[in-house]
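Enquirer: Provide a 3D model corresponding to the input given below.
(chains A and B)
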Amino acid sequence: DAGVIQSPRHEVTEMGQEVTLRCKPISGHNSLFWYRQTMMRGLELLIYFNNNVPIDDSGMPEDRFSAKMPNASFSTLKIQPSEPRDSAVYFCASSSFGTGGHQPQHFGDGTRLSIL
Amino acid sequence: DAKTTQPPSMDCAEGRAANLPCNHSTISGNEYVYWYRQIHSQGPQYIIHGLKNNETNEMASLIITEDRKSSTLILPHATLRDTAVYYCIVRSSWNRDDKIIFGKGTRLHILP
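Expert: Take a look at the predicted model:
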């Protein structure tokens, strides 16, 4: 079975450029999560969707960050304009929330983002 | 959500059982204990979860104390591939929300 698929795996770009990270959740999962991981702050939840609707975006750092989920099989996290402090590993995860009891989240392999 | 306390690091000899403790003294009655691990350069991986009974699966066992204020994750025969950061997480009831908050975890070193 295919897991959560993220692209690109690595992204290096100059500050000020727009960055778009992509995620394909596991088929049939109805919750999707975006996390950011840095050495200083650890693993932080940025935003999560349920049935394609954003439920909690309180972790989104500022207006430069935006996330969309146009359908059940695709989500994007966009940074515009990017800054060096956005350098981190960004993870996407999905789960089948509400289908009865607790369901674990399944994570992708992440996108390693470097802003120069 | 209740907070958890874990030791920052632990060592375990290869082939031995690794016992990772977690304190969650403010856990409420409907909150589950979850364990995830993160191997270097990979996304976190779900291991096991439980409410109040002990649980076992192909990866590990979870022992939860009777008062539910602490738990222990047991890897019965640790291998070098078990070297990772292990996160103990307490999750709110599933019918309220689905998010989980990661702490700093325990960095487990398996020694050859």
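Enquirer: drop to CA atoms for contacts and neighbour counts, all remaining ones
Expert: Noted.
Enquirer: who's in contact with stretch B:55-74?
Expert: By C-alpha atoms under 8 Å, 6 or more residues apart in numbering or on different chains, the residues outside stretch B:55-74 that reach it are B:17-27, B:35, B:47-50, B:52-54, B:75-76.
Enquirer: count the residues that sit near A:Lys24.
Expert: The number of residues packed near A:Lys24 is 22, by other C-alpha atoms under 10 Å in any protein chain shown.
Enquirer: from A:Phe33, how far out is it?
Expert: 11 Å (C-alpha to C-alpha, to the nearest Å).
Enquirer: now do the strands in the chain.
Expert: You didn't pick a chain, so chain A it is. Taking DSSP state E as the criterion, chain A contains strands spanning A:5-7, A:10-13, A:19-24, A:31-38, A:42-50, A:53-56, A:65-71, A:74-79, A:88-95, A:106-107, A:111-115.
Enquirer: actually it's chain B I care about, not the one you picked
Expert: With DSSP E as the criterion, chain B has strands spanning B:9-13, B:18-23, B:32-38, B:45-50, B:55-56, B:61-64, B:70-75, B:84-91, B:106-111.
Enquirer: from the chain's centroid, how far away is the fifth one?
Expert: Distance of strand B:55-56 from the chain centroid (C-alpha atoms, centre = their mean, to the nearest Å) equals 12 Å.
Enquirer: may I have the strands that pair with that strand, each with its orientation?
Expert: Strand B:55-56 pairs in its sheet with strand B:61-64 (antiparallel), by DSSP bridges.
Enquirer: same question for the third one.
Expert: According to DSSP bridges, strand B:32-38 forms sheet pairs with strand B:45-50 (antiparallel), strand B:84-91 (antiparallel).
Enquirer: tell me what A:Ala67 is bridged to.
Expert: Assigned bridge partners for A:Ala67, using DSSP bridges, are A:Leu77.
Enquirer: so it makes contact with A:Thr76?
Expert: Yes - counting by C-alpha atoms under 8 Å, A:Thr76 is a contact partner of A:Ala67 at 5.5 Å.
Enquirer: show me what contacts the most centrally placed residue in chain B?
Expert: Geometric centre of chain B, nearest residue: B:Trp35, 3.3 Å, by C-alpha atoms, centre = their mean. Listed by C-alpha under 8 Å, 6+ apart, the contact set of B:Trp35 reads B:46-49, B:73, B:86-89.
Enquirer: recalculate using a threshold of 7 Å.
Expert: B:Trp35 is in contact with B:46-49, B:87-89, counting by C-alpha atoms under 7 Å, 6 or more residues apart in numbering or on different chains.
Enquirer: between the residues you listed, which is closest to B:Met10?
Expert: Closest approach to B:Met10 among the contacts of B:Trp35 (C-alpha to C-alpha): B:Tyr87, at 12.9 Å.
Enquirer: and the residue nearest to that closest one when sequence neighbours are not counted, how many neighbours?
Expert: Using C-alpha to C-alpha, 6 or more residues apart in numbering or on different chains and skipping residues adjacent in sequence, the residue nearest B:Tyr87 is B:Gly105, 4.3 Å away. For B:Gly105, the count of nearby residues is 24 (other C-alpha under 10 Å).
Enquirer: ok, B:Gly105 to A:Leu116 distance?
Expert: When B:Gly105 is compared with A:Leu116 (using C-alpha to C-alpha), they lie 30 Å apart.
Enquirer: OK, contacts around the residue nearest to B:Tyr87?
Expert: B:6, B:8, B:85-88.
Enquirer: in the residues you listed, which residue is surrounded by the most others?
Expert: B:Cys88 (30 neighbours).
Enquirer: show me what it is bridged to.
Expert: Here B:Cys88 sits in beta bridges with B:Trp35, going by DSSP bridges.
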